[in-house]
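Please find the sequence and the predicted model below.
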Amino acid sequence: MKRPASLSPKQVAEACGVTRRTVYNWIEGGDLRTNKVGNRHRITERQLAEKVGSELAEAAFDAHSKDEA
């Protein structure tokens, strides 16, 4: 299984059991750092772990792992 390098705010919201608006509030409030790619936010596992803890961040990325074909 290949883990993604980063997740979108929507993927983070789904994995953390919160709304996308909550994730954007974290971003806008400075509680969640992101990388901007064009006009889109991307969140690394380390960035997410700083907000929600390493166990939940790891679970979020595991949930969005894709099989290598």
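Yes, it's here. Numbers count the residues shown, from 1 in each chain.

Can you show me the helices along the protein?
Using DSSP state H, the helices of the chain run over residues 9-16, 20-28, 45-52, 54-63.

Would you pull up how far the longest one lies from the middle of the chain?
This points to helix 54-63. Here helix 54-63 is found 9 Å from its chain centre; the criterion is Cα atoms, centre = their mean, to the nearest Å.

same thing with stretch 4-22?
A distance of 5 Å separates the C-alpha centroid of stretch 4-22 from that of its chain, computed with Cα atoms, centre = their mean.

Now do the end-to-end distance for that stretch.
The first residue of stretch 4-22 is 22 Å away from its last residue (Cα to Cα, to the nearest Å).

Likewise for stretch 14-30?
Chord length of stretch 14-30, first to last residue, is 20 Å (Cα to Cα).

buried set for it?
Of the residues in stretch 14-30, those buried under the neighbour-count criterion (16 or more other Cβ atoms under 10 Å) are Glu14, Ala15, Cys16, Val23, Trp26, Ile27. In this view, the C-beta of every residue, glycine as well, is placed from N, C-alpha and C.

ok, now stretch 45-63?
For stretch 45-63, the neighbour count (16+ other Cβ under 10 Å) marks Glu45, Gln47, Leu48, Ala49, Lys51, Val52, Leu56, Ala57, Ala60, Phe61 as buried.
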